[in-house]
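**Q** Fold the following.
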Amino acid sequence: MAGQFVTEVNDADFEKQVLQSDTPVLVDFWAAWCGPCRALAPVVDQVASEYQGKLKVMKMDVDKNNATPGRYGIRGIPALLIFKGGKVADQIVGFVPKEQIDQTLARVLGAGAVVNA
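**A** Take a look at the predicted model:
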């Protein structure tokens, strides 16, 4: 389900892959049965490609992983959480246009990270 620049993450390796990452990480919490999640997937893949080197992009299947979504209060999906320095820097819940994701990432990563699509 993950694209070329998107990595699957699970409860077991979340700490190492996300919280201990030197690079900011966008985690897409999703499920196979979720229509808006499937609609958002190509947008997440595009973000991963465009922000390569500035941002790690990962997906977590909420049906296969319960601990992490519970710890971060994920009640609605799709949910995009952006982690920086091991903490949630921002979050987006629901299907949103790519422009909104770009604006949120610009705030979190700094203006220099804005990518021209």
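**Q** use CA for all of it now, contacts and neighbours both
**A** Fine.
**Q** check contacts around the most centrally placed residue in the chain.
**A** Centroid-nearest residue in the chain, with C-alpha atoms, centre = their mean: Val27, separated by 2.5 Å. Val27 makes contact with Val57, Met58, Lys59, Met60, Leu80, Leu81, Ile82, Phe83, according to C-alpha atoms under 8 Å, 6 or more residues apart in numbering.
**Q** Am I right that the first one is in contact with Val6?
**A** Yes. In this structure, Val57 is within contact of Val6 by C-alpha atoms under 8 Å, at 5.2 Å.
**Q** can you tell me which of the contacts of Val27 are in strands?
**A** Val57, Met58, Lys59, Met60, Leu80, Leu81, Ile82, Phe83 (DSSP state E).
**Q** ok, the residues you listed vs Leu19, which is closest?
**A** Nearest to Leu19 among the ones in strands among the contacts of Val27 is Phe83, at 7.2 Å by C-alpha to C-alpha.
**Q** And the pLDDT at the closest one?
**A** Looking at Phe83, its pLDDT reads 98.
**Q** if I pick it, what's in contact with it?
**A** Val18, Leu19, Pro24, Val25, Leu26, Val27, Ala89, Asp90.
**Q** again, only this time at 10 Å
**A** 18-21, 23-27, 55-56, 89-91, 108 (C-alpha atoms under 10 Å, 6 or more residues apart in numbering).
**Q** Phe29 too?
**A** Applying C-alpha under 10 Å, 6+ apart, the residues contacting Phe29 are 9, 37, 58-63, 65, 68-69, 74, 76-81, 93.
**Q** one more time with 8 Å
**A** Phe29 sits next to Lys59, Met60, Asp61, Val62, Pro69, Ile74, Ile77, Pro78, Ala79, Leu80, Leu81 when contact means C-alpha under 8 Å, 6+ apart.
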